[in-house]
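Colleague: got a structure for you, letters missing:
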């Protein structure tokens, strides 16, 4: 028996219309490359976005065509977030931190027809433009330079279009966006987000026990919009009618804190490496910034060290630990304290907050270890596998063989986790970073996070080194704080009461810095390469 | 181009699994017919609900079969809310306040195969049982009486089943529930809710600017579970992991206040007629009940009088005015204050709170007047028409010709509204209750609400009486408070500064009581019948 309910598609035009009609007075604030601040209201965003959609169609865009963006976080990028999908096109956000060869591969593989690019990012475009076939390039102008001869002004595209635009028919399973994930092996792999997936993700992360955005909120997503839909926060803010602030290229701690203060932001989001200098500055100069007391920090991308969560707590701000993946639109879990949290000791509370949280509704999870499904006991490690209506079931025309889905259709996250009886997921490692010593698993992430709680240690990465007897043993690569001196023995002593003896690193290397990926995560592959011939004692 | 995202169906088993796995420790509290309190946890709810699904299938239920309920609000009814749909069946909630003939028609029309009935409601069942064909009847036992010979014990159904139950495959467009709406003309009409519609409705009303339920909340839906999914609140609470309290048959103000206090409820919901005696009691004995300071009152079903909203405000509690319909799963709008609210005068603020609110995301609205689409100016009246993924596109096999959908597929709500520039919908009347005087519309609801702000007036209903020159003129039917005396002239004077002169009732009748429908709304049809020959001066 069928329901007698409308088959109303879940597509982005509905969210844009909702925002334009109901939240026209709300503000969108963007920091420009020259540090000036651009402001307009949702009503103008709505009109310009419809013009963008109309302009793209007038420029020849056909349903399903990809439109690349090479942009910072700002209002024009938000216009593209909605304008491209609302034209029937597919928004492909290019990661400006990638190498030119990678960008060329990705843009070509996705088949990007058009490109929207910030003028101050034209030098990056020049690095790979001759290898790809953009038919038309629209330049978002900030710096006053004329538009290069073979490109067009983004504003001209809008000026030639109308906001009296009628949306094309869109099937909810159609793609609205693309994002590529750069693995450590093989070619970058593309995920094509569907309208349906993005809409459901937006509804799910809106709930109070996820981001909980209301029209009273003000968000500042530091996470780049070229990363996995900026964790869904811009789309969610538009649907909720929340004030939206963008930092442009300025994500140093001084600029971020200034913007958090001046706009009285209530929720911000970014990777731990963004927050390390922010929290340091807030500790050093406690009275300098007059932040919104309700300001919450959403931290994801990689695990937030417990010490950071404690620091934010001391400073009076809540951390929401979140976990997701490019393949998941991207949010999977959020670390909101459950009622049982209230009866925990402080130690248990911080240990809980340092976990990645509980799954969103409609994110189905299971943990698979060497011996099959792992119990939710907070101890047994296994690979986290997921299913749900905003999770990828394949990559877009992959060039390499793919082993990321199980035979019964679950996505293999590559994250090694434990799940406790309350359902809190704790990422203990990436499958590829896990250290297997004498048949037992050692979580490199756990040891790193403990090390980063040491007052003299700035950063730490723990990797496997080959060992004749135990197969692998941990090596700790440590960056000390300026002027600090530590012995190997004192490092091991510091860890001794936190872990079983066989978890303690056999060796410690003090290094200048830890190499990072384009997304700011530790690049352990580079460390493994550097220390591949390391001889353990 | 298709997205590379899983086609994961939006069905109720996913919500039940989420709640069972993540919120097992949360409580469900039910007041029983004998006023005792039954408590158990989500973990037990989860197990019993899966057993119910398994038991129904073992009892012969096939996919799409209807299972009727004739129950108060309590845990077993919540088990049916999930257990029936999770078995592949369709939950058909029977309104125990309807006449036996109506119940017989509805149960027969829906084709209910099985019935779950409270033992203290068996006398109601006896009134129509011989007219319908329930194959099996499961009795929820409270009062200790033995189960009648030809019926079965609900607990036996569960005892014979297993919670190791594997859900059948369910298409998201399949029906999960049914509810009949009793119009003033013609036969009752059935809406078949879809899994997809209920899931999306649940996600949408979870947002902070709707119900905003979190796992820290405690809900008490006074609205009966046999009314339009109890406004979606039980399903939303289960998904959020919110503590859930049911009042059973005891919805008198003393019982309700006692339960609000003892369970420290943070959100409750009901029609205005439920809250009138509650707010009166709270005013009379301000210190008697020690309620949760965060307690919010969701009021819908018919318009909350502004005086009631002011009273709750004075008592320190927020009112969330909501509007919906059985045909809408049911919520369409919620009256959360927008940021612009803060700069309004108190008068404007209460006028805004007395409106029905702004549409939920994915509820598309338009207002159609005599001259076509009406502007959102807060003045122009027209019929509210809606579209969206949880709104009915037809009735279930209707016996009468239906004119409730426009040719272009919008549902005609039958509500006459204005929408202000901020998007707040104000119900001014039902199309059939609107008074058309000299070609202009008079809102009976506006005049009624103003009258109910008079200190001597308990209730008021305004209806049209025929008029030779103006076609129709308003007649006010007023119930005075005990001992009060009012003249027709003083009534007109009280209204004089609130409305244009031609809106004032030509005539006033003081009556003993206003007849009500089974859902507690004013039954204006009965008044129109009573005063059909009323001669205006």
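Modeller: Received the coordinates, thanks. All values derive from a computational prediction rather than experimental measurement. Numbers count the residues shown, from 1 in each chain, chains lettered A, B, ... in the order given.
Colleague: Residues of the stretch 201-350 of chain A that sit close to chain B?
Modeller: A:203-204, A:206-209, A:212-216, A:239-241, A:329, A:336, A:338-340 (Cβ under 8 Å from any Cβ of the partner chain). The C-beta positions use only the backbone N, C-alpha and C, and glycine is treated the same way.
Colleague: count of neighbours near residue A:137?
Modeller: By other Cβ atoms under 10 Å in any protein chain shown, 20 other residues sit near residue A:137.
Colleague: ok so it is a helix residue?
Modeller: No - looking at residue A:137 with DSSP: H, G, I helix; E, B strand; the rest coil, it is strand, so not inside a helix.
Colleague: For it, give its distance to residue A:33.
Modeller: Distance, residue A:137 to residue A:33, using Cβ to Cβ, to the nearest Å: 18 Å.
Colleague: roughly how far is stretch A:441-461 from the heart of the chain?
Modeller: Remark: stretch A:441-461 is offset 22 Å from the chain centroid, using Cα atoms, centre = their mean, to the nearest Å.
Colleague: From chain B, how far off is residue A:32?
Modeller: Between residue A:32 and chain B the distance is 25 Å, computed by Cβ to the nearest Cβ, to the nearest Å.
Colleague: what about chain A, any weak spots by pLDDT?
Modeller: When residues are selected by pLDDT under 70, those of chain A lie in A:183-185, A:519, A:535-537.
Colleague: Walk me through the domains of it.
Modeller: A:23-353, A:361-430, A:435-530 (automatic domain parsing).
Colleague: Report whether the shortest one contacts chain B.
Modeller: Yes - legend: contact between domain A:361-430 and chain B by Cβ under 8 Å from any Cβ is shown at A:361-362, A:364, A:376, A:387-396, A:409, A:422-423.
Colleague: which among those end up buried?
Modeller: Using 16 or more other Cβ atoms under 10 Å in any protein chain shown as the burial test, the residues of domain A:361-430 next to chain B include A:361-362, A:364, A:376, A:387-396, A:422-423 as buried.
Colleague: Tell me the one of the residues you listed nearest residue A:229?
Modeller: residue A:390 (9.9 Å; Cβ to Cβ).
Colleague: Now for that closest one, which secondary structure element holds it?
Modeller: Under DSSP states H and E, no helix or strand contains residue A:390.
Colleague: Out of the buried ones among the residues of domain A:361-430 next to chain B, list just those in helices.
Modeller: The members of these all map outside helices under DSSP state H.
Colleague: Need the contact partners of stretch A:512-519.
Modeller: By Cβ atoms under 8 Å, 6 or more residues apart in numbering or on different chains, the residues outside stretch A:512-519 that reach it are A:95, A:97-98, A:182, A:227, A:271, A:273, A:301, A:459-461, A:477, A:479, A:522-523, A:526-527.
Colleague: from the buried ones among the residues of domain A:361-430 next to chain B, which ones fall inside strands?
Modeller: Counting by DSSP state E, these place A:364, A:387 in strands.
Colleague: what's the farthest-apart pair in the buried ones among the residues of domain A:361-430 next to chain B?
Modeller: Longest span within these, Cβ to Cβ: A:396 and A:422, 36.5 Å.
Colleague: hmm, the longest helix seen in chain A touching chain B?
Modeller: Taking DSSP H as the criterion, chain A has its longest helix at helix A:42-58. No - interface with chain B: helix A:42-58 contributes nothing (Cβ under 8 Å from any Cβ), its closest point being 11.1 Å away.
Colleague: And the helices in the stretch 401-537 of chain A, which stretches?
Modeller: In the stretch 401-537 of chain A, helices defined by DSSP state H, counting those that start in this stretch lie at A:444-451, A:488-496, A:524-530, listed in chain order.
Colleague: tally of neighbours for the residue of the stretch 101-250 of chain A found nearest chain B?
Modeller: Nearest residue of the stretch 101-250 of chain A to chain B (Cβ to the nearest Cβ) works out as residue A:194 at 2.7 Å. A count of neighbours around residue A:194, defined by other Cβ under 10 Å, yields 28.
Colleague: Contacts only, for the residue nearest to it when sequence neighbours are not counted.
Modeller: Leaving aside its sequence neighbours, residue A:194 sits nearest to residue B:3 (Cβ to Cβ, 6 or more residues apart in numbering or on different chains; 2.7 Å). Taking Cβ under 8 Å, 6+ apart as the criterion, residue B:3 is in contact with A:173-176, A:192-197.
Colleague: Between which two of those is the distance greatest?
Modeller: Maximum pairwise distance in the contacts of residue B:3, criterion Cβ to Cβ, is 12.0 Å, between A:192 and A:196.
Colleague: on that earlier part again, which ones among the contacts of stretch A:512-519 are found in strands?
Modeller: Going by DSSP E, the strands hold A:459-461, A:477, A:479 from these.
Colleague: which of those residues are buried?
Modeller: Among the ones in strands among the contacts of stretch A:512-519, the ones that count as buried by 16+ other Cβ under 10 Å are A:459-461, A:477, A:479.
Colleague: In terms of distance to residue B:465, which of these ranks first?
Modeller: The closest of those, once distances to residue B:465 are taken by Cβ to Cβ, is residue A:459, at 82.0 Å.
Colleague: ok, the closest one to residue A:478 distance?
Modeller: Computed with Cβ to Cβ, the distance linking residue A:459 and residue A:478 is 8 Å.
Colleague: what do you get for residue A:524?
Modeller: 14 Å.
Colleague: What of residue A:278?
Modeller: According to Cβ to Cβ, residue A:278 and residue A:478 sit 22 Å apart.
Colleague: what sits against residue A:89?
Modeller: Residue A:89 is in contact with A:56, A:61, A:63-67, counting by Cβ under 8 Å, 6+ apart.
Colleague: next one: residue A:279
Modeller: A:308, A:311-312, A:315.
Colleague: Pull the number of nearby residues for residue A:378.
Modeller: Neighbourhood size, residue A:378 [other Cβ under 10 Å]: 14.
Colleague: wait, it sits on residue A:420?
Modeller: Yes - in terms of Cβ atoms under 8 Å, residue A:378 counts as a neighbour of residue A:420; the distance is 3.4 Å.
Colleague: which residues are in contact with both of the two?
Modeller: By Cβ under 8 Å, 6+ apart, residue A:378 and residue A:420 have these common neighbours: residue A:426.
Colleague: Break down the stretch 201-350 of chain A into its strands, ranges please.
Modeller: Read by DSSP state E, counting those that start in this stretch, the stretch 201-350 of chain A holds these strands, from start to end of the chain: A:218-221, A:243-246, A:267-270, A:296-299, A:318-324, A:331-334.
Colleague: which stretch among these comes nearest residue A:116?
Modeller: That would be strand A:243-246 among the strands of the stretch 201-350 of chain A, by Cβ to Cβ, at 15.2 Å.
Colleague: what comes up buried for the strand or helix carrying residue A:104?
Modeller: Using DSSP H and E, residue A:104 sits within helix A:100-110. By neighbour count with 16+ other Cβ under 10 Å, helix A:100-110 contains the buried residues A:102-107, A:109-110.
Colleague: can you redo those as a markdown table with distance to chain B?
Modeller: Converted to a markdown table, the buried residues of helix A:100-110 look like this (distance: Cβ to the nearest Cβ, whole Å):
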| residue | distance to chain B |
| --- | --- |
| A:102 | 20 |
| A:103 | 21 |
| A:104 | 21 |
| A:105 | 18 |
| A:106 | 15 |
| A:107 | 16 |
| A:109 | 13 |
| A:110 | 10 |
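Colleague: Redo those as a markdown table? Include distance to residue B:452.
Modeller: Formatted as a markdown table, the buried residues of helix A:100-110 follow (distance: Cβ to Cβ, whole Å):
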| residue | distance to residue B:452 |
| --- | --- |
| A:102 | 68 |
| A:103 | 67 |
| A:104 | 71 |
| A:105 | 70 |
| A:106 | 65 |
| A:107 | 65 |
| A:109 | 67 |
| A:110 | 62 |
